[in-house]
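Novice: Show me how the following folds:
(one chain, ligands or ions: 2)
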Amino acid sequence: MRSEPLPLLHPAPAFVDVLVPVALDQAYSYRVPRDLDLKPGDLVCVPLGAREATGVVWADNIEVRPGLHNRLKEVAEKLDLPPLKPELRHFVDWVSNYTLSPRGMVLRMALRMGEHLGPARERVGVRLAAGAPPPKRMTPARARVLAHLADGLARGKSDVAHAAGVSPGVIDGLVDDGVLDTLVLPPEPVARPPDPDFTAPDFTPDQRAAADTLRATAAKGGYGVTLLDGVTGSGKTQVYFEAVAEIVRRGRQALVLLPEIALTSQFLDRFAERFGVRPAEWHSLLSPRLRARTWSAVASGEVSVIVGARSALFLPYADLGLIIVDEEHDGAYKQEDGARYHARDMAVVRARGADIPIVLVSATPSVETEVNARRGRYARLHLPERFGGAALPGIEPIDLRTEGPPRGRFIAPRLAEAVKTAIERGEQALLFLNRRGYAPLTLCRACGFRLACPNCDAWLVDHRFRRRLVCHHCGFAMPPPAQCPQCQAAESFVAVGPGVERLEQEAAELFPGSRILVLSSDLVETLERLRQELDDVAAGRFDLIIGTQLVAKGHHFPKLNLVGVVDADLGLANGDPRAAERTFQLLHQVIGRAGREEGRGIGYLQTHQPEHPVMRALIAADRDAFYTSEIDLREKTHYPPFGRLASLLVSAGDRPTAEGYARRLAAIAPRSDEVRVLGPAEAPLAVVRGRHRFRLLVKSPRNFDLSAYLREWMAVAPKRKGNLKLEVDVDPQSFL
Ligand SMILES: [Zn+2]
Ligand SMILES: [Zn+2]
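Specialist: Numbering: from 1, shown residues only. Ligands and ions are numbered 1, 2, ... in the order given. You can find the predicted model right below:
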């Protein structure tokens, strides 16, 4: 791995600063061995305490304090990997500076190249030996093997065995007889190159116009943000594929970010239909070895299209030419632990730094993006219609105050009737309820005792399929108790409220004989199983799907014509400034699953407040009305994007410690006429995992440097002792 010795340019010992991927802001200084030539960006191995760490040279030729010269350790070796380009190093610095995450922690995301950078496992290949005689003994199995290798080319041994339907022993026998040669094959590529001209898309005039514009944007290059705005089913993916194709033609790299890569098998298939091969993937489920190879393939430019979750934003692209952020409004783009960053916002920053175009894609843009588009800071490309002229689903409210279901039931008679009719017609229906498990609350009929998590300020959720009561915040789980812990009554517990599992029970009674599937993240056993289930739904092997937000995203179910939202009000009442926006986006998206092929989609909203602006906009199919009223409200209240927010979360093992620290912190906030510090207040989720939590909310005008203000504040924050923790979240998405 050690690089070739170079002619000595500086005879004096040189020093470099190396940033290591640990939760620290500063780089460490190291002495450079005489035979090493190091430049900023080089990946090196350095001693770090008692171990060695992979780090990146952040600055060279640094001045070292006299007296320190002899105490500095040496760089152990330079790794044989492409250096991190200045663009990525600036990005790491920028993200760290903006989010107040330690630089080392941000760097760690760029270096997440897997644990095994050693040589890949050898692939053994076989081919016909030159001038070999035919085998002394011929069998049908041997004949099949020879037929597969008749062209003289080398193939993987296991591939040949598989293709010929023989055991590896048959091939070994032919090798022993001298009929076949073995050789070591190069490792299989991470992804085969996409063919930009594999298929020509069949576009409507609107789609063609949008695709041409995006292709021209990609060809021209340079920084610019485009919002690709179109209803579900309008063909947005196919349209932005044309920009990706243009980047591939130019030999550059394109990154497509998806909010939940694990659920995107349909996306990968669509990519393969357009480009002939699947793209390379980047997400947390990659094996360490594939992760290492993908990282290297991205760094060397071998891979041209990467589809990934938010962490793909930090990969060391050799020549990134385009970023696509699909479903840009999705909350999953915000990383909530470790370095807290919003991948959509940081993608815009990276595109600006790399001076390349970026495309944000959504049917329901975030309010931030919508404002930028309305003010002309982002270009907007609008796809007004559904593919093939299919109409958007009509939406009818079901007022739970006047036509709700019978007591203890959750599906109103009108919705039940519609589902029944759809199933009888051989169509699919979806009942949407964004709540996992059987019931959100279990209480004792005799004394009113409620089963709560021992570690959190939260009720235990009944997961009846798994016979467990589970805390959704810390994962605590226990079997349902035989008797009430408070009054000792036996079998006194009743479930309060519905989850998807309870809905399934009701649906099985209402629609006997129908094939029902419950889709909920906690019931997902493996990714393959989930992909299979989604394929089964698409193929029409189920009549009724009951699902959480897992089903809202990106799936295409051709036979689905009816969507019933069981509790449309569920997300509205949680004190989150984005509650209305999120509810609108989620319900719009889930109802948009209906009627994508037949064009006869219908949605039902079960709600207690049909007059709420979110419900009114959904029912009237008036998206602009929703944005206009929401933007107006944000502007009046100085909420994002018209003002900036940061949240400080203080937590400790006991309440007085957390509260006391939060109060001291508030008292020393730097004075500024522009900043308001609200709180401390006990967090809505007051206890999580046994930790008591207090929140401070910081508000500033839009153009204020909130990160600098926070840094100044944190520099004078009192020392934290024991298990006291302070988490800073710039542009928070969660307020619980
Ligand atoms: Zn009781
Ligand atoms: Zn808990």
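
Novice: partner residues bridging residue 383?
Specialist: residue 230 (DSSP bridges).

Novice: From what I see, it and residue 232 are in contact.
Specialist: No: using CB atoms under 8 Å, residue 383 makes no contact with residue 232, being 10.5 Å away. (Glycine included, C-beta is placed from N, CA and C.)

Novice: tell me which parts of this structure are close to ligand 1?
Specialist: For the chain, the residues in contact with ligand 1 (CB under 5 Å from the ion) are 444, 446-447, 449, 484, 486-487, 489.

Novice: Format these as TSV; extra columns: secondary structure.
Specialist: Below are those laid out as TSV (DSSP: H, G, I helix; E, B strand; the rest coil):
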residue	secondary structure
444	strand
446	coil
447	coil
449	coil
484	coil
486	coil
487	coil
489	coil
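
Novice: Not counting sequence-adjacent ones, nearest residue to the closest residue to ligand 1 within the stretch 101-250 of the chain?
Specialist: Nearest residue of the stretch 101-250 of the chain to ligand 1, counting by CB to the ion: residue 101, 46.6 Å away. Among residues not flanking residue 101 along the chain, residue 339 sits closest, at 3.7 Å (CB to CB, 6 or more residues apart in numbering).

Novice: Return the residues in contact with the one you found.
Specialist: 95-96, 99, 101-102, 105-106, 109 (CB atoms under 8 Å, 6 or more residues apart in numbering).

Novice: try 10 Å
Specialist: Residue 339 sits next to 23, 95-96, 99-109, 314, 346 when contact means CB atoms under 10 Å, 6 or more residues apart in numbering.

Novice: Can you flag the buried ones in these?
Specialist: 95-96, 99-109, 314, 346 (16 or more other CB atoms under 10 Å).

Novice: and the next element down the chain from the longest strand along the chain?
Specialist: When the chain is parsed with DSSP state E, its longest strand is strand 676-688. Downstream of strand 676-688, the next assigned helix or strand under DSSP states H and E is strand 691-701.

Novice: ok, and what's touching the helix or strand that comes right after that following strand?
Specialist: For strand 691-701, the following helix or strand on the C-terminal side (DSSP H and E) is helix 706-715. Residues outside helix 706-715 that contact it (CB under 10 Å, 6+ apart) are 96-100, 643-646, 648, 665, 668-670, 672, 674-675, 677, 698-700, 705, 726, 728, 730-731.

Novice: Could you point out which residue ranges in the stretch 51-200 of the chain have low pLDDT?
Specialist: Applying pLDDT under 70 to the stretch 51-200 of the chain flags residues 114-122.

Novice: What distance do you get for the residue lying farthest from the centre of the chain to ligand 2?
Specialist: Largest separation from the mean C-alpha position in the chain: residue 136, at 58.0 Å (CA atoms, centre = their mean). With distances taken as CB to the ion, to the nearest Å, residue 136 is found 71 Å from ligand 2.

Novice: cool, residue 512 as well?
Specialist: Relative to ligand 2, and taking CB to the ion, residue 512 is found at 38 Å.

Novice: can you start the count at 850 instead of 1 from here on
Specialist: With the count now opening at 850, the last piece we talked about shows up as residue 1361.

Novice: got the phi/psi numbers for that residue?
Specialist: Torsion angles at residue 1361 (phi, psi; degrees, to the nearest 10) stand at phi -60, psi 140.

Novice: With the one 3 residues further on instead?
Specialist: Residue 1364 has phi and psi values of phi -90, psi 110 when expressed as degrees, to the nearest 10.

Novice: I figured it was touching residue 1390, is that so?
Specialist: Yes: in this structure residue 1364 lies within contact range of residue 1390 using CB atoms under 10 Å: 6.9 Å.

Novice: Mutual contacts of the two, please.
Specialist: What both residue 1364 and residue 1390 touch, as defined by CB under 10 Å, 6+ apart, is the set residue 1277.

Novice: which stretches of the stretch 1250-1399 of the chain aren't confidently modelled?
Specialist: In the stretch 1250-1399 of the chain, no residues with pLDDT under 70.

Novice: hmm, try it at 90
Specialist: Low-confidence segments of the stretch 1250-1399 of the chain (pLDDT under 90): 1306-1307, 1313-1315, 1321-1324, 1340, 1369-1384, 1387, 1398-1399.

Novice: can you pull out the helices in it?
Specialist: For the stretch 1250-1399 of the chain, the helices defined by DSSP state H, counting those that start in this stretch occupy 1262-1273, 1349-1359, 1376-1387.

Novice: quick one, the longest strand of the chain and strand 1540-1550 angle?
Specialist: 160 degrees (axes from the mean of the first three to the mean of the last three CA atoms, to 10 degrees).

Novice: Same question for strand 1525-1537: list its buried residues.
Specialist: 1526, 1528-1529, 1531-1532, 1535-1537.

Novice: Make JSON lines from the helices of the stretch 1250-1399 of the chain and add distance to residue 917 and mean neighbour count to it.
Specialist: Below are those laid out as JSON lines (distance: least, CB to CB, whole Å; neighbours: other CB atoms under 10 Å):
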{"stretch": "helix 1262-1273", "distance to residue 917": "74", "mean neighbour count": "17"}
{"stretch": "helix 1349-1359", "distance to residue 917": "62", "mean neighbour count": "20"}
{"stretch": "helix 1376-1387", "distance to residue 917": "51", "mean neighbour count": "16"}
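
Novice: related to what we said a few turns ago, now the buried members of the contacts of helix 1555-1564.
Specialist: By 16+ other CB under 10 Å, those give 945, 947-949, 1492-1495, 1497, 1514, 1518, 1524, 1526, 1547-1549, 1575, 1577, 1579-1580 as buried.

Novice: Go through these and flag which are in helices.
Specialist: Those of the buried ones among the contacts of helix 1555-1564 mapping onto helices are 945, 947-948, 1514, per DSSP state H.

Novice: what residues does this structure put near ligand 2?
Specialist: 1302, 1304-1305, 1320, 1322-1323, 1325.

Novice: again, 8 Å this time
Specialist: 1302-1305, 1307, 1320-1325, 1537-1538 (CB under 8 Å from the ion).

Novice: ok so, going back, show me what the longest strand of the chain is packed up against.
Specialist: Contact partners of strand 1525-1537 among helices and strands, from 3 or more CB pairs under 10 Å, 6 or more residues apart in numbering; DSSP states H and E: strand 1492-1501, helix 1504-1516, strand 1540-1550.

Novice: tell me what the second one is packed against?
Specialist: Packing contacts for helix 1504-1516, counted by 3+ CB pairs under 10 Å, 6+ apart, involve strand 1492-1501, strand 1525-1537, strand 1540-1550, strand 1574-1579.

Novice: Reformat the ones you listed into a markdown table and put distance to residue 1001 next to each item.
Specialist: Listed next are those as a markdown table, based on distance: least, CB to CB, whole Å:
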| stretch | distance to residue 1001 |
| --- | --- |
| strand 1492-1501 | 66 |
| strand 1525-1537 | 65 |
| strand 1540-1550 | 67 |
| strand 1574-1579 | 62 |
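
Novice: Identify whichever of those strands lies nearest to residue 1144.
Specialist: strand 1574-1579 (27.6 Å; CB to CB).

Novice: residue contacts, the closest residue to residue 1190 other than its chain neighbours?
Specialist: Nearest residue to residue 1190, sequence neighbours excluded (CB to CB, 6+ apart): residue 948, at 5.1 Å. For residue 948, the contacting residues are 954-955, 1184, 1188-1191, 1194-1195, 1495, 1556, 1559, 1577-1580, by CB under 10 Å, 6+ apart.
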